[in-house]
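[1] just a sequence and a predicted model for now, questions to come.
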Amino acid sequence: DGGITQSPKYLFRKEGQNVTLSCEQNLNHDAMYWYRQDPGQGLRLIYYSQIVNDFQKGDIAEGYSVSREKKESFPLTVTSAQKNPTAFYLCASSPTGTGPANYGYTFGSGTRLTVV
Amino acid sequence: QKEVEQNSGPLSVPEGAIASLNCTYSDRGSQSFFWYRQYSGKSPELIMFIYSNGDKEDGRFTAQLNKASQYVSLLIRDSQPSDSATYLCAATSGYSTLTFGKGTMLLVSP
């Protein structure tokens, strides 16, 4: 049963703490993405990766870091430099080449991060 | 900056009516356009995509694209209460990513 698994579903972060959100896919997609969703703000791109060991910054990369050591995995670290991390984080994937143009994204179920 | 604009709503329609959701985009280079449905607290799910001018129909859903006007729409016929959700419009941005609008909330009353 192919899909994208995000964990945990809920995450609480203390001030000054780094936390890592997991994203794993078994769709054999080359491209993976991280978006952040705030109420009334829509989805904003944080980072994306089109191939293993390579990734690009999106529109709001400051305070975040990623790695892409395996095709199946694209973890996102929310660092203490991110001053307003409370949001709903969505991981997505798409096939290679013109994948997004032809297929759009497949999304994971999301991680809701709250600063406590 | 490339933008996708949507009316935030809510758009309220009675059950059985046609719901019309609209979207405009700023990047003339965008090639493909997507409609996602998002229930509260859940992740978006793809409903339809379109890349040619004109209409594309899939069941109760029709997507319409007018590249000259940079306008995309989604029609939902015979609206049901289960269609109540936020609908996100997205456009390709370059070859690699999608740019999303903020979404339109649709409320279908029984």
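    Good, I have the coordinates.
[2] what sits against B:V108?
    When contacts are counted by Cβ atoms under 8 Å, 6 or more residues apart in numbering or on different chains, B:V108 is found next to B:S12, B:V13, B:P14, B:E15, B:A17, B:A19, B:S79, B:Q80, B:P81, B:S82, B:D83, B:S84. Just so you know, the C-beta spots here come from the backbone N, C-alpha and C atoms, and that holds for glycine as well.
[3] filter the residues you listed down to the buried ones.
    Buried subset of the contacts of B:V108 (neighbour count, 16 or more other Cβ atoms under 10 Å in any protein chain shown): B:V13, B:A19, B:S79, B:D83, B:S84.
[4] and these, which is closest to chain A?
    Within these, proximity to chain A (Cβ to the nearest Cβ) peaks at B:S84, which comes in at 17.5 Å.
[5] show me the strands in chain B, by range?
    Secondary structure of chain B (DSSP state E): strands located at B:4-5, B:11-14, B:19-25, B:33-38, B:45-50, B:54-58, B:61-66, B:71-76, B:85-93, B:97-100, B:104-109.
[6] in its sheet, which strands sit next to the second one, and in what direction?
    Think strand B:11-14. Partner strands and pairing direction for strand B:11-14 (DSSP bridges) are strand B:104-109 (parallel).
[7] hey, C-alpha coordinates of the strand it pairs with in PDB?
    Taking C-alpha atoms only, strand B:104-109 is exported to PDB below (Å, rounded to 0.1, in the frame of the first residue of the first chain):
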ATOM      1  CA  THR B 104     -11.700  28.800  -0.500                       C
ATOM      2  CA  MET B 105     -13.900  27.400   2.200                       C
ATOM      3  CA  LEU B 106     -17.000  25.800   0.800                       C
ATOM      4  CA  LEU B 107     -20.100  25.100   3.000                       C
ATOM      5  CA  VAL B 108     -22.900  23.000   1.700                       C
ATOM      6  CA  SER B 109     -26.000  23.100   3.700                       C
END
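[8] low-confidence bits of chain A, can you list those?
    Across chain A, the stretches falling below the confidence threshold (pLDDT under 70) are A:1, A:97-102.
[9] redo that, cut-off 80
    Scanning chain A with the threshold set as pLDDT under 80 gives A:1-2, A:40, A:96-103.
[10] stretch B:17-28: how far from the chain's middle?
    Using Cα atoms, centre = their mean, to the nearest Å, we find the averaged C-alpha position of stretch B:17-28 to lie 6 Å away from the chain's own average C-alpha position.
[11] is any residue of that stretch near chain A?
    No: contact between stretch B:17-28 and chain A, assessed by Cβ under 8 Å from any Cβ of the partner chain, is absent, since the two come no nearer than 11.5 Å.
[12] list the buried residues of that stretch.
    For stretch B:17-28, a neighbour-count test (16+ other Cβ under 10 Å) marks B:A19, B:L21, B:N22, B:C23, B:T24, B:Y25, B:D27 as buried.
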